[in-house]
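Trainee: Sequence first, then the predicted structure:
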Amino acid sequence: FWMMGYGENAAVNDQCTLEAVLDKRFGFAERERLFQLYRDNWITQRDWDLIPQFGLNLVRLPFIWSVIEDEKNPRHLRADAWQYLDQAVAQAKAHGLYVILDLHGAVGSQGTEHHSGCAGKNLYWSTPEYQERTDWLWRQIASHYKDEPAVAGYGLLNEPWGSTPEQLAAVAKKLYASIREIDPRHIVILPDHPKGIAPYGKPGAQGMSNVVFETHPYPGFFGWSKPGMEVHRDWLKCLPDGGGVCDWQKRMTALDTPLYIGEFQPWADMEPDLSGQITRASFNRYAQLGWTSRSEERR
């Protein structure tokens, strides 16, 4: 909802609430039609034409579980299950781009935030049925895209911070194993946790291959100081005492695993010239460290 300018305190503040409002007003079939109309017009040909003009080569494509799974008939594909993902992958391929398939909203919601689909729910971790359906979902995705070279990788769960690091690592490893039974080649992206990724252990020592860790640094936001030059300087220059990006580099070296900066936004809430310089410095630093990265519109 941050993309549409709706605040977290608005009466309709997440996708589940919007769906419920539309169901009450118009019924399920009309809600489906309205969502299709929205999706048909949200990203257009012009957007795909612009992306490579900025020198970008990767699109992280967020989707909610109900784009693929029939919400009225669990563990069954929607009749149009692959319509929007296939369209995006085809456009990316035509424009020389790669796609990361990012499960942004798992059934039951993997956190309390609105961007998981249902704010304040966080039922994924306490409901084995939801975890099993997500496992089923990734098996369907792997089966569908296992031979698609334009797909760079699979983002298992976006910001799945509604549980402990230990449970997250266990669930992510199970999803990895399910995908690998079908697709041995595509990159599998392991999400981080605010309390650390130590419970994962060293992926290579556990027989895991072609994996990367993902983190979302937002210096200046979400309790991390405030927007400005200082917070970005400290993050990028490892201040104080070797912290910042150096901490992450040490973790990745110890784990012998690459790092993917899945989201960041170094220009937010600052004057244009300074934010532009910080953005350039951020891209340069991440490139120096060998970290892939994308930027995200302000939440």
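Mentor: Here it is on my side, so go on. Numbers count the residues shown, from 1 in each chain.
Trainee: What's the mean pLDDT across stretch 195-212?
Mentor: Model confidence over stretch 195-212 averages 97 on the pLDDT scale.
Trainee: again with stretch 124-137
Mentor: 98.
Trainee: so how far is it off the chain centroid?
Mentor: 18 Å (CA atoms, centre = their mean, to the nearest Å).
Trainee: can you pull the buried residues of that stretch?
Mentor: Going by neighbour count (16 or more other CB atoms under 10 Å), the buried part of stretch 124-137 is Tyr124, Trp125, Tyr130, Gln131, Arg133, Thr134, Trp136, Leu137. In this view, the C-beta of every residue, glycine as well, is placed from N, C-alpha and C.
Trainee: Enumerate every residue touching the fifth one.
Mentor: I take that to be Arg133. Residues counted as contacts of Arg133 (CB atoms under 8 Å, 6 or more residues apart in numbering) are Trp65, Glu69, Pro74, Arg75, Val107.
Trainee: Can you pull the phi/psi pair for Arg185?
Mentor: phi -110, psi -40 (degrees, to the nearest 10).
Trainee: okay, now it: neighbour count?
Mentor: Residues lying near Arg185 (other CB atoms under 10 Å) number 11.
Trainee: Also the one 4 residues further on?
Mentor: For Ile189, the number of neighbouring residues by other CB under 10 Å comes to 26.
Trainee: how far out from the middle of the chain is the helix or strand harbouring it?
Mentor: Here Ile189 sits within strand 187-191, counting by DSSP states H and E. Centre-to-centre, strand 187-191 and its host chain are 10 Å apart (CA atoms, centre = their mean).
Trainee: Show me what the very next helix or strand once past that strand packs onto, helices and strands only.
Mentor: Toward the C-terminus, strand 187-191 is succeeded by strand 211-215 as the next helix or strand (DSSP H and E). Strand 211-215 is packed against strand 187-191, helix 245-255, strand 259-261, with contacts defined by 3 or more CB pairs under 8 Å, 6 or more residues apart in numbering; DSSP states H and E.
Trainee: Quick check: pLDDT value at Glu297.
Mentor: 40.
Trainee: Also Arg294?
Mentor: Confidence score, pLDDT, at Arg294: 53.
Trainee: With Arg33 instead?
Mentor: So, for Arg33, pLDDT stands at 98.
Trainee: Run a quick neighbour tally on it.
Mentor: 13.
Trainee: where's it relative to Lys24, distance?
Mentor: 16 Å (CB to CB, to the nearest Å).
Trainee: Ok, Arg280 next?
Mentor: In terms of CB to CB, Arg280 sits 48 Å off from Lys24.
Trainee: between the two, which one's more packed in?
Mentor: Neighbour comparison, Arg280 and Lys24: the larger count goes to Arg280, with 12 against 9 (by other CB under 10 Å).
Trainee: This completes my enquiry, with thanks.
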